[in-house]
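> I would like to see how this sequence folds:
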Amino acid sequence: MVAIPRVTAPFVVSAPGKVILFGEHAVVYGKTAIAGSVDMRAYALVTPRKDNKTRLFLPDINVDERFDNAQLARLSPSSLSHPSEIETQLTGIAIAEGPGRSAILTFAYMYSSLLGAGNTGGFTICVRSLLPVGSGLGSSAAFNVVLSTALLQLTGQLKKLGGSAEDRKLINHWAYRGEQVAHGTPSGIDNAVATYGGFLAYTRGSESVSLHSTRALRVLITNTHIAKSTKVQVANVRALRERHPQVVDSILDSIHSISTAAGSLFQSQEPHCSELQDIVRLNHGLLATLGVSHPSLERIREITAARGMASKLTGSGGGGCALTLVPRDASSAAVKRVAQELEEEGFGCYQTVVGGAGVTVTRSVGNEPIDKWIGDMLTQHMSLSPSDPREDKADDYSGIVSGFTILPGSAITTLASPTK
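Residues are numbered from 1 along each chain as shown. The predicted model follows:
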């Protein structure tokens with residue numbers, strides 16, 4: 001393997017989460033689903049180190065591990081379906097169950113596969129995310145996309161300024177590999193959305209199709225804080241279908257028709273908010289008929305319907321999150337009132353946009369709140385007391401504060417353009 005240049009300057013990679021807009025559960029049976037990128041993003045900050053160690057710092061899930069580069073280079077996982085093989089080779093590191101375990105194993109696999117013995121210098125990769133873990137918003141895929149992009153950037157394999165189809169295909173390939181380590185047999189739609197951005201139509205067994213929408217959608221994402229299990233919900237629908245095959249198949253066919261109609265609306269030049277509101281309501285009703293709604297999701301629908309907004313569950317249901325389509329003519333004050341009502345019920349509410357940019361690489365995020373967020377995190381970490389076990393004198397923060405807290409930032413690579 002060729003030598004990899006040392007990291008000489010910090011850079012930030014970001015990737016969006018995803019929402020399933022239409023087609024949940026029907027997609028399991030070969031029907032089409034429509035997904036879109038949600039502008040709640042994961043951010044990976046890559047900085048140089050003064051030694052030959054690599055540090056994985058994930059403060060949101062309490063992961064802070066340092067690896068000897070030679071140890072990582074020696075890893076040789078023989079099968080993606082057995083990530084425990086990676087774990088047994090990571091001597092001296094106790095990996096507990098949970099999201100931290102998955103992240104560490106994925107990082108180790110990607111490092112050994114992409115950098116291997118070719119890495120000649122140390123670096124720190126710090127990942128933070130605005131995506132709640134386990135909410136169905138693609139937090140795992142966003143992590144894998146920023147991780148694969150960062151490592152590919154270090155190897156010099158991403159060559160074209162502004163990104164290319166080949167770059168994105170390579171990123172998506174390795175992000176999917178990371179998803180395999182984490183989940184076994186993922187569909188691939190989450191990492192595709194996080195890589196390419198925009199809207200995608202997905203049918204199992206086929207390539208995802210990009211929908212060239214003329215505009216992004218304003219939405220509210222509301223987290224019920226009800227723990228969900230995709231496996232349980234899929235099994236429940238399967239059992240219902242076994243009992244009533246003709247009835248359930250007709251419902252799944254109707255959901256497929258909704259996805260097809262939505263795909264056409266996204267690509268039309270005419271305003272289509274009212275039509276989308278109709279099919280949002282129809283899709284949720286069909287999903288509720290399949291038994292995958294939840295009282296908390298129905299409460300969200302009641303609150304938003306009273307304000308003239310259409311909502312549906314997104315993802316597998318049984319809790320998780322709801323998606324609310326915000327009409328184009330809705331004022332900021334009106335949206336704020338709805339969000340406040342939802343939060344008063346104990347839900348977590350996020351105002352965001354669906355259909356924006358995919359993965360990007362920048363010197364600075366170029367967004368003041370996020371720049372400050374990253375900068376504050378770094379400043380806090382840099383000022384740790386000498387007795388704090390998290391302090392690491394090998395981290396090279398020279399130029400970081402000015403690079404990530406003083407605007408404007410300048411993009412050095414953009415792998416996808418926002419939807420206008």
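> quick one: Val19 is in a strand?
Yes. Counting by DSSP: H, G, I helix; E, B strand; the rest coil, Val19 is part of a strand.
> need the contact list for it.
35-36, 38, 136-138, 219, 221, 314-315, 321, 323, 354 (Cβ atoms under 8 Å, 6 or more residues apart in numbering). Where you see a C-beta, it was placed from the backbone N, CA and C, and this is true even at glycine.
> So which residues of this protein form helices?
69-74, 84-89, 99-114, 139-155, 165-183, 189-196, 230-243, 245-266, 273-289, 295-305, 332-344, 368-382, 400-405 (DSSP state H).
> Now do Val19 against His294, distance only.
According to Cβ to Cβ, to the nearest Å, Val19 and His294 sit 17 Å apart.
> actually Val193, sorry about that
According to Cβ to Cβ, Val193 stands 24 Å off from His294.
> Show me which of the two is the more surrounded one.
When Val193 and His294 are compared for neighbours, Val193 comes out ahead with 31 against 19, by other Cβ atoms under 10 Å.
> Report pLDDT for the spatially closest residue to that one that is not a sequence neighbour.
Take Val193 and drop its neighbours on the chain: the residue closest to it by Cβ to Cβ, 6 or more residues apart in numbering is Lys18, 4.0 Å away. The model reports Lys18 with a pLDDT of 93.
> So which of the helices of the chain is nearest Arg204?
Among the helices of the chain, the nearest to Arg204 by Cβ to Cβ is helix 189-196 (9.2 Å).
> who does that closest one touch, helix- and strand-wise?
Using 3 or more Cβ pairs under 8 Å, 6 or more residues apart in numbering; DSSP states H and E as the contact definition, the elements that helix 189-196 packs against are strand 11-22, strand 32-48, helix 139-155, helix 165-183, strand 199-203.
> how far off helix 165-183 does that helix point, in degrees?
Here helix 189-196 points in a direction 150 degrees away from that of helix 165-183 (axes from the mean of the first three to the mean of the last three Cα atoms, to 10 degrees).
> Please verify my assumption that Ser148 contacts Lys169.
No. Counting by Cβ atoms under 8 Å, Ser148 sits too far from Lys169 to count as a contact (11.7 Å).
> Give me the more crowded residue out of those two.
Ser148 (29 against 11).
> quick one, what contacts that one?
110, 114, 171, 174-175, 177-178 are the contacts of Ser148 under Cβ under 8 Å, 6+ apart.
> Which pLDDT value belongs to the residue nearest to Leu217 when sequence neighbours are not counted?
Excluding its sequence neighbours, the residue lying closest to Leu217 (Cβ to Cβ, 6+ apart) is Val354, at 4.5 Å. Looking at Val354, its pLDDT stands at 92.
> hang on, the earlier thing: please identify the most buried of the helices of the chain.
helix 189-196 (a mean of 28; mean count of other Cβ atoms under 10 Å).
> What number of residues are in the vicinity of Gln157?
Counted with other Cβ under 10 Å, residues neighbouring Gln157 total 14.
> Test my guess that it contacts Lys169.
No. When contacts are counted by Cβ under 8 Å, Gln157 is not listed as touching Lys169 (11.4 Å).
> Give me the distance between Thr54 and Leu115.
From Thr54 over to Leu115 (counting by Cβ to Cβ), the distance is 9 Å.
> my bad, should have said His173
His173 sits 16 Å away from Leu115, going by Cβ to Cβ.
> what's the answer for Leu151, then?
On the measure of Cβ to Cβ, Leu151 and Leu115 end up 6 Å apart.
> and what of Gly315?
34 Å.
> same deal with Thr47?
For Thr47 relative to Leu115 (Cβ to Cβ), the value is 16 Å.
> Compare the two (neighbour count), which wins?
Neighbours were counted for Thr47 and for Leu115 using other Cβ under 10 Å; Thr47 has more, 25 against 21.
> partners of that one in the sheet?
With beta bridges defined as DSSP bridges, Thr47 has these partners: Thr124.
> Quick check: it touching Cys126?
Yes. Judged on Cβ under 8 Å, Thr47 makes contact with Cys126 at a distance of 7.5 Å.
> low pLDDT regions in the chain?
1-8, 76-99, 117-120, 160-163, 214, 269-271, 363-420 (pLDDT under 70).
> at 50 what do you get?
1-2, 161, 365, 378-391, 397-420 (pLDDT under 50).
> in stretch 15-33, what's buried?
15-29, 31-33 (16 or more other Cβ atoms under 10 Å).
> From Ala201, how far out is Ser264?
According to Cβ to Cβ, Ser264 and Ala201 sit 10 Å apart.
> The residue nearest to Val193 contacts Gly36, correct?
Yes. Using Cβ under 8 Å, Lys18 is in contact with Gly36, at 6.9 Å.
> Quick check: neighbours shared by those two?
With Cβ under 8 Å, 6+ apart as the test, Lys18 and Gly36 both reach Val193.
> Fine by me, we can end here.
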